[in-house]
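A.B. asks: let me see the structure of the following:
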Amino acid sequence: MNDSKSQRRPGWRHGIVIAALAALAALGYASMSLTQLQSLAAGGLPDLFGANQRALPPGTLQVEDIAVDPKGYQGTILVRGVMAAAPPDHPGMFAMIDSREARVCKDLRCTRNYLPVKTGGPLPNPWDELNVRGKIVKGERFDYLDASLRV
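C.D. replies: Predicted coordinates for the structure are as follows:
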């Protein structure tokens, strides 16, 4: 008793669905690659105000570079970052986050690492991108960058 209607047809429909999904994935990948190439051709990620990213001075570190091992940096260093917050209980201090991370997530609280900075001058405003020169100092509760000069 072989009923021809009860037999399964070959998987040609599944093949069409798989081929369509593969084509959509390839199109999405090509679109993302093109967008990334256009971004790089324009000089990197745009900053928060639509201008191109500023060139990093030679020898400048990013906040994420220091977060790996802050105690490993001896002497005066130059760090680029974005001012994220100023704690009210520590006058003259503020926290910086990595500029690249701030550009991508567009939020000052989305970062994994903050770099505490102590300065004797006026505090910058949130979202100010800074080049800060100073030394890593061991504080009572945490290590911080003792900033002598903002460039």
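A.B. asks: drop to CA atoms for contacts and neighbour counts, all remaining ones
C.D. replies: OK.
A.B. asks: can you pull the contacts of residue 86?
C.D. replies: Going by C-alpha atoms under 8 Å, 6 or more residues apart in numbering, residue 86 touches 93-95, 123.
A.B. asks: residue 124 too?
C.D. replies: So residue 124 contacts residue 83 (C-alpha under 8 Å, 6+ apart).
A.B. asks: quick check: mean pLDDT across stretch 13-28?
C.D. replies: Across stretch 13-28, pLDDT averages out at 75.
A.B. asks: er, stretch 81-93 I mean
C.D. replies: Summarised as a single mean, pLDDT over stretch 81-93 is 90.
A.B. asks: starting at the chain centroid, how far to it?
C.D. replies: Relative to the centre of its chain, stretch 81-93 is centred 20 Å away, using C-alpha atoms, centre = their mean, to the nearest Å.
A.B. asks: could you do stretch 57-73 as well?
C.D. replies: Computed by C-alpha atoms, centre = their mean, the chain-centroid distance of stretch 57-73 equals 14 Å.
A.B. asks: quick one: contacts of it?
C.D. replies: Contacts of stretch 57-73 (C-alpha under 8 Å, 6+ apart): 77-81, 96-99, 113-115, 136, 143.
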